[in-house]
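Undergrad: Pasting the sequence and the predicted model now:
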Amino acid sequence: MSRSDGKVSISAVPPWRMSFKAIFFDSDGLLVDTERINLQATHEIFSSIGVEISWDWYIRENLQKGRSSFELAREKGISETEIEKLWWLREKRIEELLKENVPVIDGVYEVLEKIQGKFVLGVVTSRRKEPFETILNKTDLRRFFQFFITRDDVENIKPHPDPYLKAVEFSGERKEDCVALEDSQRGVQSAKDAGITCFAIPSELTREHYFSTADKVLNSIRELPEHLMSPGSIHASVMD
């Protein structure tokens, strides 16, 4: 878990009433288009042991249900020792691919520029800290956020509520003043089980997921500002 350096202050804030005080962003599939990198690395590593991971399986079982690809390896009779070795090989391959290119999703920079300083902003990701740092180093996203929570900071990852409970704690705000942004069903479940509002913003890969438990479903991250702010009183400054 880490904080960005410096203070965040608001200058010339328009007369908006803020519906929330803190916004928590998922990373993969919402800020950056990296799920294909995850699948590519998983496919390459698993193919070496004769286990095929298809797009359909990955979208349905991993992104939607939160099922690990390594559960499939266990079903195929792969030993725990071999699975541990495969896990590290996949992580290494993912980091290699991330160092080549990290595509930021269209509209992300525009929206972050618009809402920065008006809310406490944090990222809640299931990635380990090291590859997530690679994502931050390859993009210009770090400067927008006050804190980052990775899988290294919690005992249980999404769809368990731990990551968002940690985010609420770290933001210093009440649950009812926080909103999570997620692109997958497992992410929405994590946020809702933590007791906070969640907006689903499906990606190309997750549009067939069931988002009935989400408080709102947006077509694009570009729609976010209009759902966060409405005419009213000026919001106080946010200081790190």
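TA: Yep, that arrived.
Undergrad: any idea how far V154 is from P161?
TA: P161 sits 10 Å away from V154, going by CB to CB, to the nearest Å. To be clear about C-beta, it is placed using only N, CA and C from the backbone, and glycine gets the same treatment.
Undergrad: what pLDDT does the closest residue to V108 other than its chain neighbours get?
TA: Closest residue to V108 apart from its sequence neighbours, by CB to CB, 6 or more residues apart in numbering: L31 at 5.5 Å. L31 is assigned 98 on the pLDDT scale.
Undergrad: doesn't V104 make contact with L31?
TA: Yes: L31 lies in contact with V104 (CB atoms under 8 Å); the separation is 6.8 Å.
Undergrad: which ones are touching the residue nearest to V108?
TA: 25, 104-105, 108, 123, 141 (CB atoms under 8 Å, 6 or more residues apart in numbering).
Undergrad: middle-most residue in this protein, spatially?
TA: D26 (1.7 Å; CA atoms, centre = their mean).
Undergrad: Ramachandran angles for it?
TA: Backbone geometry at D26, expressed as degrees, to the nearest 10, gives phi -70, psi 160.
Undergrad: Following element in sequence after the helix or strand bottoming out on mean pLDDT in the chain, please.
TA: Ranked by mean pLDDT, DSSP states H and E, the helix or strand of the chain with the weakest confidence is strand 16-18, at a mean of 48. Per DSSP states H and E, strand 16-18 leads on to strand 22-25 as the next helix or strand towards the C-terminus.
Undergrad: partner strands of that next one, parallel or antiparallel?
TA: Paired with strand 22-25 in the same sheet, following DSSP bridges, are strand 120-124 (parallel), strand 178-182 (parallel).
Undergrad: how near is the residue nearest to P202 when sequence neighbours are not counted to E75?
TA: In space, and not counting its chain neighbours, P202 is closest to D183: 5.8 Å by CB to CB, 6+ apart. In this view, D183 and E75 are 27 Å apart by CB to CB.
Undergrad: Neighbour count for these two, which is higher?
TA: Set D183 next to E75 and count neighbours by other CB atoms under 10 Å: D183 wins out with 26 against 9.
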